[in-house]
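[1] Just the structure for this:
(chains A and B)
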Amino acid sequence: AQSVSQHNHHVILSEAASLELGCNYSYGGTVNLFWYVQYPGQHLQLLLKYFSGDPLVKGIKGFEAEFIKSKFSFNLRKPSVQWSDTAEYFCAVTDSGAGSYQLTFGKGTKLSVIP
Amino acid sequence: DAGITQSPRHKVTETGTPVTLRCHQTENHRYMYWYRQDPGHGLRLIHYSYGVKDTDKGEVSDGYSVSRSKTEDFLLTLESATSSQTSVYFCATKPGTGDAFFGQGTRLTVV
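    Numbers count the residues shown, from 1 in each chain, chains lettered A, B, ... in the order given. The predicted structure follows:
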(Lines give C-alpha, C1' and ligand atoms only; values in the text may rest on other atoms or scores of the structure.)
Protein backbone atom coordinates (compact mmCIF):
# COMPACT_ATOMS: atom_id res chain seq x y z
CA ALA A 1 0.00 0.00 0.00
CA GLN A 2 1.17 3.48 -0.74
CA SER A 3 1.92 5.95 2.04
CA VAL A 4 3.05 9.54 2.31
CA SER A 5 5.32 11.12 4.93
CA GLN A 6 5.52 14.82 5.58
CA HIS A 7 8.50 15.61 7.73
CA ASN A 8 7.42 18.79 9.40
CA HIS A 9 4.30 19.11 11.49
CA HIS A 10 4.49 22.86 12.01
CA VAL A 11 6.78 25.39 10.32
CA ILE A 12 7.02 29.00 11.43
CA LEU A 13 8.65 31.54 9.11
CA SER A 14 8.95 35.28 8.83
CA GLU A 15 7.68 37.00 5.71
CA ALA A 16 10.16 36.88 2.80
CA ALA A 17 11.85 33.74 4.13
CA SER A 18 12.24 30.77 1.81
CA LEU A 19 10.13 27.69 2.26
CA GLU A 20 10.76 24.02 1.68
CA LEU A 21 8.33 21.35 2.88
CA GLY A 22 9.36 17.75 2.63
CA CYS A 23 7.27 14.92 1.23
CA ASN A 24 8.28 11.30 0.71
CA TYR A 25 6.10 8.51 -0.61
CA SER A 26 6.46 4.76 -0.36
CA TYR A 27 4.92 3.44 -3.54
CA GLY A 28 7.48 1.97 -5.91
CA GLY A 29 5.53 2.16 -9.14
CA THR A 30 4.69 5.06 -11.41
CA VAL A 31 2.98 7.79 -9.42
CA ASN A 32 1.06 10.98 -9.74
CA LEU A 33 1.93 13.49 -7.03
CA PHE A 34 0.04 16.46 -5.68
CA TRP A 35 0.33 19.29 -3.22
CA TYR A 36 -2.88 20.70 -1.79
CA VAL A 37 -3.36 23.74 0.43
CA GLN A 38 -6.04 24.30 3.02
CA TYR A 39 -6.55 27.84 4.26
CA PRO A 40 -8.14 28.20 7.71
CA GLY A 41 -11.77 27.12 7.65
CA GLN A 42 -11.71 26.14 4.00
CA HIS A 43 -11.54 23.01 1.90
CA LEU A 44 -8.48 21.67 0.09
CA GLN A 45 -7.37 23.32 -3.10
CA LEU A 46 -4.81 22.07 -5.60
CA LEU A 47 -1.46 23.90 -5.59
CA LEU A 48 0.37 21.82 -8.17
CA LYS A 49 0.71 18.35 -9.56
CA TYR A 50 3.18 16.06 -11.24
CA PHE A 51 2.09 13.44 -13.74
CA SER A 52 5.08 13.05 -16.04
CA GLY A 53 7.76 15.02 -17.89
CA ASP A 54 9.76 17.84 -16.34
CA PRO A 55 10.31 16.91 -12.69
CA LEU A 56 10.24 20.56 -11.67
CA VAL A 57 6.63 21.66 -11.66
CA LYS A 58 5.27 25.11 -11.05
CA GLY A 59 1.98 25.80 -9.41
CA ILE A 60 -0.14 28.70 -8.35
CA LYS A 61 0.94 31.55 -6.10
CA GLY A 62 4.66 31.09 -6.81
CA PHE A 63 4.94 27.56 -5.46
CA GLU A 64 6.99 24.87 -7.15
CA ALA A 65 7.91 21.28 -6.39
CA GLU A 66 10.59 18.91 -7.56
CA PHE A 67 10.01 15.23 -8.14
CA ILE A 68 13.14 13.17 -7.39
CA LYS A 69 12.33 9.59 -8.27
CA SER A 70 15.48 8.10 -6.75
CA LYS A 71 14.60 9.65 -3.41
CA PHE A 72 10.84 9.05 -3.62
CA SER A 73 10.46 12.73 -2.82
CA PHE A 74 8.27 15.61 -3.95
CA ASN A 75 9.29 18.63 -1.91
CA LEU A 76 7.39 21.89 -2.07
CA ARG A 77 9.26 25.19 -2.32
CA LYS A 78 8.62 28.90 -2.43
CA PRO A 79 11.44 31.46 -2.54
CA SER A 80 9.69 34.13 -0.49
CA VAL A 81 6.62 33.47 1.65
CA GLN A 82 3.89 35.93 2.47
CA TRP A 83 1.57 36.20 5.45
CA SER A 84 -1.25 35.02 3.16
CA ASP A 85 0.55 31.68 2.74
CA THR A 86 -0.39 30.77 6.30
CA ALA A 87 -2.26 27.49 5.81
CA GLU A 88 -1.92 23.75 6.04
CA TYR A 89 -0.20 21.92 3.19
CA PHE A 90 -0.84 18.33 2.19
CA CYS A 91 1.15 16.09 -0.08
CA ALA A 92 -0.77 13.31 -1.84
CA VAL A 93 0.00 10.39 -4.12
CA THR A 94 -1.88 8.09 -6.42
CA ASP A 95 -0.45 5.38 -8.64
CA SER A 96 -0.88 6.11 -12.31
CA GLY A 97 -1.43 2.54 -13.44
CA ALA A 98 -4.70 0.77 -14.04
CA GLY A 99 -7.05 1.20 -11.14
CA SER A 100 -5.33 4.40 -10.10
CA TYR A 101 -8.11 5.57 -7.87
CA GLN A 102 -6.76 5.43 -4.35
CA LEU A 103 -5.57 8.91 -3.35
CA THR A 104 -3.42 8.88 -0.21
CA PHE A 105 -2.52 11.98 1.81
CA GLY A 106 0.23 12.82 4.23
CA LYS A 107 -0.61 14.17 7.66
CA GLY A 108 -0.05 17.74 6.60
CA THR A 109 2.32 20.55 7.51
CA LYS A 110 0.97 23.65 9.13
CA LEU A 111 2.74 26.81 7.95
CA SER A 112 2.56 29.97 10.02
CA VAL A 113 4.03 33.11 8.45
CA ILE A 114 4.80 35.96 10.82
CA PRO A 115 4.47 39.47 9.38
CA ASP B 1 -14.51 25.24 -8.02
CA ALA B 2 -15.89 21.93 -9.15
CA GLY B 3 -19.59 21.35 -8.52
CA ILE B 4 -19.38 19.34 -5.31
CA THR B 5 -21.95 19.87 -2.61
CA GLN B 6 -21.87 18.28 0.80
CA SER B 7 -24.89 18.18 3.07
CA PRO B 8 -25.38 18.91 5.81
CA ARG B 9 -22.51 21.31 6.48
CA HIS B 10 -22.85 21.02 10.23
CA LYS B 11 -24.52 18.38 12.36
CA VAL B 12 -24.71 17.56 16.03
CA THR B 13 -26.03 14.12 16.87
CA GLU B 14 -26.28 11.84 19.85
CA THR B 15 -24.26 8.72 20.45
CA GLY B 16 -25.94 5.65 19.02
CA THR B 17 -27.99 7.41 16.35
CA PRO B 18 -27.57 6.76 12.64
CA VAL B 19 -26.22 9.60 10.51
CA THR B 20 -26.02 9.97 6.73
CA LEU B 21 -23.84 12.50 4.96
CA ARG B 22 -24.42 13.26 1.32
CA CYS B 23 -22.00 14.24 -1.41
CA HIS B 24 -23.43 15.44 -4.70
CA GLN B 25 -21.37 16.24 -7.81
CA THR B 26 -22.24 17.76 -11.14
CA GLU B 27 -18.90 16.97 -12.81
CA ASN B 28 -19.65 13.38 -13.87
CA HIS B 29 -16.39 12.27 -12.26
CA ARG B 30 -15.94 8.55 -12.00
CA TYR B 31 -14.21 8.38 -8.63
CA MET B 32 -15.57 9.64 -5.35
CA TYR B 33 -14.05 9.57 -1.90
CA TRP B 34 -14.92 10.16 1.71
CA TYR B 35 -12.17 11.36 4.04
CA ARG B 36 -12.15 12.41 7.63
CA GLN B 37 -9.82 15.13 8.86
CA ASP B 38 -8.57 15.16 12.43
CA PRO B 39 -5.76 17.21 13.99
CA GLY B 40 -2.44 15.40 13.69
CA HIS B 41 -3.83 12.77 11.33
CA GLY B 42 -4.29 14.69 8.12
CA LEU B 43 -6.88 13.25 5.78
CA ARG B 44 -7.68 9.59 6.20
CA LEU B 45 -9.61 7.68 3.59
CA ILE B 46 -12.82 6.10 4.83
CA HIS B 47 -14.36 4.65 1.66
CA TYR B 48 -14.13 5.30 -2.02
CA SER B 49 -16.08 4.52 -5.14
CA TYR B 50 -14.85 3.76 -8.65
CA GLY B 51 -18.26 3.62 -10.27
CA VAL B 52 -21.95 3.21 -9.62
CA LYS B 53 -22.39 0.48 -7.02
CA ASP B 54 -18.61 -0.08 -6.95
CA THR B 55 -17.13 0.84 -3.60
CA ASP B 56 -14.25 -0.23 -1.44
CA LYS B 57 -12.84 0.36 2.01
CA GLY B 58 -10.15 2.82 2.95
CA GLU B 59 -7.88 2.78 5.97
CA VAL B 60 -10.47 3.84 8.56
CA SER B 61 -13.69 2.18 7.36
CA ASP B 62 -14.85 0.56 10.62
CA GLY B 63 -18.22 1.98 11.69
CA TYR B 64 -18.94 3.49 8.28
CA SER B 65 -20.79 2.31 5.20
CA VAL B 66 -21.32 3.93 1.81
CA SER B 67 -23.59 3.70 -1.15
CA ARG B 68 -23.47 5.01 -4.68
CA SER B 69 -26.63 4.34 -6.67
CA LYS B 70 -26.04 7.19 -9.10
CA THR B 71 -22.89 8.71 -10.55
CA GLU B 72 -23.58 12.02 -8.90
CA ASP B 73 -24.32 10.91 -5.33
CA PHE B 74 -22.10 9.23 -2.75
CA LEU B 75 -23.59 8.68 0.69
CA LEU B 76 -21.67 8.03 3.88
CA THR B 77 -23.56 6.41 6.75
CA LEU B 78 -22.56 6.08 10.35
CA GLU B 79 -24.75 3.21 11.49
CA SER B 80 -24.46 4.06 15.19
CA ALA B 81 -22.51 7.22 15.81
CA THR B 82 -19.79 7.27 18.47
CA SER B 83 -17.84 10.16 19.96
CA SER B 84 -14.70 8.97 18.13
CA GLN B 85 -16.47 9.81 14.89
CA THR B 86 -16.59 13.48 15.75
CA SER B 87 -14.61 14.96 12.89
CA VAL B 88 -14.69 17.03 9.74
CA TYR B 89 -15.69 14.93 6.75
CA PHE B 90 -14.63 15.80 3.22
CA CYS B 91 -15.94 14.40 0.00
CA ALA B 92 -13.73 14.45 -3.07
CA THR B 93 -14.25 13.56 -6.70
CA LYS B 94 -11.74 12.70 -9.39
CA PRO B 95 -11.93 12.04 -13.10
CA GLY B 96 -9.89 9.18 -14.50
CA THR B 97 -6.37 10.41 -14.00
CA GLY B 98 -6.88 14.05 -13.13
CA ASP B 99 -6.91 16.10 -10.01
CA ALA B 100 -9.17 15.51 -7.06
CA PHE B 101 -11.66 18.22 -6.16
CA PHE B 102 -12.98 18.66 -2.67
CA GLY B 103 -16.29 19.65 -1.19
CA GLN B 104 -16.61 22.25 1.55
CA GLY B 105 -16.68 19.69 4.35
CA THR B 106 -19.19 18.57 6.97
CA ARG B 107 -18.45 19.21 10.62
CA LEU B 108 -19.99 16.37 12.63
CA THR B 109 -20.17 16.40 16.41
CA VAL B 110 -21.30 13.31 18.29
CA VAL B 111 -22.33 14.04 21.87
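[2] Please make it C-alpha for all contacts and neighbour counts, starting now.
    Fine.
[3] what residues are up against residue 107?
    I went with chain A, as the question did not name one. Going by C-alpha atoms under 8 Å, 6 or more residues apart in numbering or on different chains, A:Lys107 touches A:Val4, A:Ser5, A:Gln6, A:His9, A:Phe90, B:Gly40, B:His41, B:Gly42, B:Leu43.
[4] my question was about chain B
    For B:Arg107, the contact set (C-alpha under 8 Å, 6+ apart) comprises B:Arg9, B:His10, B:Lys11, B:Thr86, B:Ser87, B:Val88, B:Tyr89.
[5] Show the buried residues in these.
    B:Thr86, B:Ser87, B:Val88, B:Tyr89 (16 or more other C-alpha atoms under 10 Å in any protein chain shown).
[6] The third one - nearest residue in space that isn't next to it in sequence?
    To tie it back to what came earlier, the one meant is B:Val88. B:Arg107 (4.4 Å; C-alpha to C-alpha, 6 or more residues apart in numbering or on different chains).
[7] what ranges of the chain fall below the confidence cut-off?
    I'll assume chain A. A:1, A:96-100 (pLDDT under 70).
[8] The intended chain is chain B.
    For chain B, the ranges with pLDDT under 70 are B:1-2.
[9] In space, not sequence, find me the middle residue of it.
    In chain B, the residue lying closest to the centroid (C-alpha atoms, centre = their mean) is B:Trp34, at 3.0 Å.
[10] The closest residue to chain A within chain B: what's it in contact with?
    Closest approach between chain B and chain A, counting by C-alpha to the nearest C-alpha: B:Gly42, at 3.7 Å. For B:Gly42, the contacting residues are A:Phe90, A:Phe105, A:Gly106, A:Lys107, A:Gly108, by C-alpha under 8 Å, 6+ apart.
[11] Also B:Asp73?
    So B:Asp73 contacts B:Arg22, B:Cys23, B:His24, B:Gln25 (C-alpha under 8 Å, 6+ apart).
[12] Show me what from chain B comes close to chain A.
    Residues of chain B found near chain A (C-alpha under 8 Å from any C-alpha of the partner chain) are B:31, B:40-45, B:48, B:50, B:90, B:96-97, B:99, B:101-105.
[13] Need the buried ones from those residues selected in PyMOL.
    Only the buried entries of the residues of chain B next to chain A go into this PyMOL selection, using 16+ other C-alpha under 10 Å:
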select buried, chain B and resi 31+42+43+44+45+48+50+90+96+97+99+101+102+103+104+105
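[14] Bridging across strands, which residues link to A:His10?
    When assigned by DSSP bridges, A:His10 has beta-bridge partners A:Lys110.
[15] Do me a favour and get the end-to-end distance for stretch A:6-26?
    12 Å (C-alpha to C-alpha, to the nearest Å).
[16] whoops, stretch A:40-55 was the one
    Using C-alpha to C-alpha, the two ends of stretch A:40-55 sit 30 Å apart.
[17] Pairing partners for the longest strand belonging to chain B, with directions?
    The strand that spans the most residues within chain B, counting by DSSP state E, is strand B:42-51. Looking at strand B:42-51 with DSSP bridges, its partner strands are strand B:31-38 (antiparallel), strand B:54-57 (antiparallel).
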